[in-house]
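A.B. asks: coords please:
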Amino acid sequence: MFERLRRVAGLLTQTARLMVGVPDYETYVARRRQFNPGATVLSRGEFVRYCMQRRFGGRGPRGCC
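C.D. replies: Residues are numbered from 1 along each chain as shown. Presented below is the predicted three-dimensional model:
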């Protein structure tokens, strides 16, 4: 029962993050290893920077920098 609650909580957390535009690093790593096992996996920091770059185009969250 606790495992099911933990899974539901994880899915809710992932959904909430995606709703506000924060991709899930663990999902990225799992999919990267599944579909392209020989490729380099970005570190968490590199992944966050990459996502911010894609989302804001290098201008920063407020579009000024």
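A.B. asks: List the buried residues for stretch 25-44?
C.D. replies: For stretch 25-44, a neighbour-count test (16 or more other Cβ atoms under 10 Å) marks 25, 28, 42 as buried. The way it works is simple: take the backbone N, C-alpha and C, and place the C-beta from them, glycine included.
A.B. asks: Serialize these to a markdown table and add fields for secondary structure and distance to residue 48.
C.D. replies: Formatted as a markdown table, these follow (DSSP: H, G, I helix; E, B strand; the rest coil; distance: Cβ to Cβ, whole Å):
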| residue | secondary structure | distance to residue 48 |
| --- | --- | --- |
| 25 | helix | 8 |
| 28 | helix | 11 |
| 42 | coil | 9 |
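A.B. asks: Run through who's touching the helix ranked longest in the chain.
C.D. replies: When the chain is parsed with DSSP state H, its longest helix is helix 2-19. Around helix 2-19, the neighbours that count as contacts under Cβ atoms under 8 Å, 6 or more residues apart in numbering are 23, 24, 27.
A.B. asks: Among those, which lie within helices?
C.D. replies: residue 27.
A.B. asks: Would you mind checking which of the contacts of helix 2-19 is nearest to residue 48?
C.D. replies: Comparing the contacts of helix 2-19 against residue 48 with Cβ to Cβ picks out residue 23 as the nearest, at 8.7 Å.
A.B. asks: so how far is residue 40 from the closest one?
C.D. replies: Note on residue 23: its distance to residue 40, by Cβ to Cβ, to the nearest Å, is 18 Å.
A.B. asks: ditto for residue 22
C.D. replies: Looking at residue 22 against residue 40, where the rule is Cβ to Cβ, the gap reads 22 Å.
A.B. asks: Same check on residue 15?
C.D. replies: The value you get for residue 15 to residue 40, if Cβ to Cβ is used, is 28 Å.
A.B. asks: Could you do residue 49 as well?
C.D. replies: 15 Å.
A.B. asks: swap in residue 18?
C.D. replies: 24 Å.
A.B. asks: And for residue 54?
C.D. replies: 18 Å.
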